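Trainee: could you look at this predicted model? Sequence included:
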Amino acid sequence: MKKKIIKFRDNLVKLVLVGEKNLTWRLFDDKNLSEGEKVDLVNWNTGEKFGEATLMKVWEKKMGELMDSDFDGHEKFSNNDEMYQTYRTYYGNKVGPDTVVKIIRFQLK
């Protein structure tokens, strides 16, 4: 079975590699990512694999219900509007407080 892939934008790759980022959010998850899976990490901009990781914990909640602890290991935003706008650039205009986000804690191999 082919290993699943999680892609990261160029500016996030080095944060993952140095261990500052070990949490990622995915909206409209079409891969059915789940705890315990091993995945390849790929640079979204170049298509190059830059690492492998194990998914340690996976949970879901609405973006409007995110708490500070859901940002541990994830890049921060100055406010909710900035967060929604950032994710709209990835996923389109359908992102808002009621959008379900899959929160994934991962560990580099």
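Mentor: Alright, I've got the coordinates. Residues are numbered from 1 along each chain as shown.

Trainee: going by C-alpha atoms from here, please, whenever you check contacts or count neighbours.
Mentor: OK.

Trainee: center of this structure - which residue?
Mentor: Central residue of the chain (C-alpha atoms, centre = their mean): Thr24, 2.3 Å from the mean position.

Trainee: identify the bridge partners of that residue.
Mentor: Under the criterion DSSP bridges, Thr24 forms beta bridges with Ile104.

Trainee: so who does it touch?
Mentor: Each residue near Thr24 by C-alpha atoms under 8 Å, 6 or more residues apart in numbering is listed here: His74, Ile103, Ile104, Arg105, Phe106.

Trainee: the nearest residue to the fourth one once chain neighbours are set aside: what's it in contact with?
Mentor: Counting by C-alpha to C-alpha, 6 or more residues apart in numbering, the nearest residue to Arg105 once its immediate chain neighbours are dropped is Leu23, at 4.4 Å. Neighbouring residues of Leu23 by C-alpha under 8 Å, 6+ apart: Phe71, Asp72, Gly73, His74, Ile103, Ile104, Arg105, Phe106.

Trainee: list the buried ones in the longest strand along the chain?
Mentor: Counting residues, the longest strand found in the chain (DSSP state E) is strand 49-62. Of all the residues in strand 49-62, those buried under the rule 16 or more other C-alpha atoms under 10 Å are Glu52, Ala53, Thr54, Leu55, Met56, Val58.

Trainee: quick one, what contacts the last one?
Mentor: Contacts were defined as C-alpha under 8 Å, 6+ apart; by that measure Val58 touches Leu33, Ser34, Glu35, Lys102, Ile103, Ile104, Arg105.

Trainee: could those residues go into JSON lines alongside distance to Asp81 and neighbour count?
Mentor: Shown next, in JSON lines, are the contacts of Val58 (distance: C-alpha to C-alpha, whole Å; neighbours: other C-alpha atoms under 10 Å):
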{"residue": "Leu33", "distance to Asp81": "27", "neighbour count": "19"}
{"residue": "Ser34", "distance to Asp81": "28", "neighbour count": "15"}
{"residue": "Glu35", "distance to Asp81": "30", "neighbour count": "14"}
{"residue": "Lys102", "distance to Asp81": "19", "neighbour count": "21"}
{"residue": "Ile103", "distance to Asp81": "19", "neighbour count": "21"}
{"residue": "Ile104", "distance to Asp81": "22", "neighbour count": "22"}
{"residue": "Arg105", "distance to Asp81": "24", "neighbour count": "22"}
